[in-house]
Each structure stands twice: as structure tokens, then as C-alpha cells.
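1. Sequence first, predicted coordinates after that:
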Amino acid sequence: MLSIAIALVANAQLLLLDEPFLGLSPMLQDHLVDSLLKIRDKGITILVTEQFARPLLPYIDRGYIIENGSLVMTGSGHELMENQEVKAAYFGI
């Protein structure tokens, strides 16, 4: 959270986040998503690498699924959430 604040104070136009949900409770994950949406609404581009992207999928413009170093799927957050392969592999549905 501190690194996000530092980037915003420096007027960054691109925010790079690596595993921002790691170790956060579901409540803090929701708070982080809300904060990232507010940052995005201010015109700042956000690039997130995350193994647990489920909380962000409804809001992303573009997502990429990489397995073993290879790109296996791409699409909007909605497309990825509705994909049966993604549901089975990542959501346990």
C-alpha cells in the first residue's frame, strides 16, 4: 500500500503491481480493488500480475493467462470469467 501511495505522489502514469493480493484478507482485497478502481478512474494505467485475480476480473480491460511461461488465453475480464476452461482451472467450478 505504501508503494502505491509513493507512486501516486510522484504522479505516475503507470502503476505496476506484482501479487498485490498476496496475504490479504478478503476484506482488504475488496478495499484494494476499490482503491485500484479509483486510481484507474483518474487515468492511471495499472498492470497487475496476480495468481489470484478473481477479485479483479470483473473490472479489467484486458487479461492474459500464462501457464509455464506460455500465453494460453487472452480476453476481457468478462470473457475470461465466462470461459468454461478458466472456471474449471481457476475457480473450481
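-> That came through fine.

2. right, and the helix or strand after the helix or strand bottoming out on mean pLDDT in the chain?
-> When the helices and strands of the chain are scored by mean pLDDT, DSSP states H and E, helix 2-9 comes last with a mean of 85. The first helix or strand that comes after helix 2-9 along the chain, using DSSP states H and E, is strand 14-18.

3. if you average pLDDT over that next one, what comes out?
-> Strand 14-18 shows a mean pLDDT of 93.

4. Domain map for this structure?
-> 1-54, 61-93 (automatic domain parsing).

5. Those into a markdown table, with extra columns for mean neighbour count?
-> Every C-beta, even on glycine, is put in place using the N, C-alpha and C of the backbone. Compiled in a markdown table, the domains of the chain are given as follows (neighbours: other Cβ atoms under 10 Å):
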| stretch | mean neighbour count |
| --- | --- |
| domain 1-54 | 13 |
| domain 61-93 | 12 |
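
6. looking at this, Ile46 is in a strand?
-> Yes: assignment of Ile46 by DSSP: H, G, I helix; E, B strand; the rest coil places it within a strand.

7. re the thing from before, other SSEs contacting the least confident helix or strand of the chain?
-> Secondary-structure packing of helix 2-9 (3 or more Cβ pairs under 8 Å, 6 or more residues apart in numbering; DSSP states H and E): strand 14-18, helix 26-41.

8. Could you list the residues in contact with that helix?
-> Leu15, Leu17, Ser35, Ile39, Ile44 (Cβ atoms under 8 Å, 6 or more residues apart in numbering).

9. one step back: in CSV, list the helices and strands packed on helix 2-9 along with distance to Glu67.
-> Below are these laid out as CSV (distance: least, Cβ to Cβ, whole Å):
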stretch, distance to Glu67
strand 14-18, 18
helix 26-41, 23
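
10. hmm, back to that, so which of the contacts of helix 2-9 would you say is closest to Pro58?
-> Ser35 (15.5 Å; Cβ to Cβ).

11. Kindly export the helix or strand hosting Leu71 (C-alpha atoms) in PDB.
-> Using DSSP H and E, Leu71 sits in strand 70-75. Output of strand 70-75 as PDB, limited to C-alpha atoms (Å, rounded to 0.1, in the frame of the first residue of the first chain):
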ATOM      1  CA  SER A  70       3.400 -19.600 -22.400                       C
ATOM      2  CA  LEU A  71       0.400 -17.400 -23.200                       C
ATOM      3  CA  VAL A  72      -2.600 -19.700 -23.200                       C
ATOM      4  CA  MET A  73      -5.500 -17.300 -23.200                       C
ATOM      5  CA  THR A  74      -6.400 -13.700 -23.500                       C
ATOM      6  CA  GLY A  75      -9.600 -11.600 -23.300                       C
END
